[in-house]
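# Have a look at this prediction, sequence included:
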Amino acid sequence: MIDARGNIRLLMTPGPVEVSPSVLAALASPSIHHYYPRFIEFFEETVEKLRQVFQTKNDIVIMQAEGILGLEAAVANVMNPGEKVLVLDSGPFGKWFGEYVVNYGGEIVELRG
């Protein structure tokens, strides 16, 4: 990251993150729309590679969002209503995770950090 004075600063946060020059160059290239054949081909290749990484033949779902969506997706798809879930509450994300558990019908066992 470059600050207002032009000094290079190292970001050590969960986001935004440092972006490599090759990624910045790729971001500067023209967009490929999701209905173009090249995008569909690229997406299918990515899904197949993820199947290999996770060693599965099941469906792969790619979600582009903030990390908090991953927490909600985990609760919505793994937890059953009425189950107890250990919630490590060490900040906002832990608090929100607990709220998702309650909203999806779970019971929280809270451990505060």
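All right, it came through fine.
# and the nearest residue to Gly91 once chain neighbours are set aside, what is it in contact with?
Distances taken as CB to CB, 6 or more residues apart in numbering place Gly113 nearest to Gly91, at 7.5 Å, with adjacent residues excluded. For every residue, glycine as well, the C-beta is placed using N, CA and C. Residues near Gly113 by CB atoms under 8 Å, 6 or more residues apart in numbering: Leu88, Asp89, Ser90, Gly91, Gly94.
# Leu24 and Gln52: what is the separation?
Per CB to CB, to the nearest Å, Leu24 is found 28 Å from Gln52.
# Filter the contacts of Gly113 down to the buried ones, PyMOL style.
In PyMOL, a selection of the buried entries from the contacts of Gly113 looks like this (16 or more other CB atoms under 10 Å):
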select buried, resi 89+94
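# quick one: which two of the contacts of Gly113 are the most distant?
Maximum pairwise distance among the contacts of Gly113 (CB to CB): 9.5 Å, between Leu88 and Gly91.
# re the thing from before, sort out for me which of the contacts of Gly113 are in strands.
Leu88, Asp89 (DSSP state E).
# Wait, Leu111 touches Asp89, no?
Yes - judged on CB atoms under 8 Å, Leu111 makes contact with Asp89 at a distance of 6.8 Å.
# Now for the residue most central in space within the chain: which residues touch it?
Centroid-nearest residue in the chain: Gly67, 4.0 Å away (criterion: CA atoms, centre = their mean). Gly67 makes contact with Pro14, Gly15, Phe93, according to CB under 8 Å, 6+ apart.
# how close does it get to Ala76?
In this view, Gly67 and Ala76 are 15 Å apart by CB to CB.
# Ok, Tyr104 next?
6 Å.
# Dump the contacts of Gly113 into a markdown table; add pLDDT and distance to Glu45 as well.
A markdown table is the format used below for the contacts of Gly113 (pLDDT from 0 to 100; distance: CB to CB, whole Å):
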| residue | pLDDT | distance to Glu45 |
| --- | --- | --- |
| Leu88 | 92 | 36 |
| Asp89 | 85 | 40 |
| Ser90 | 85 | 38 |
| Gly91 | 88 | 37 |
| Gly94 | 90 | 36 |
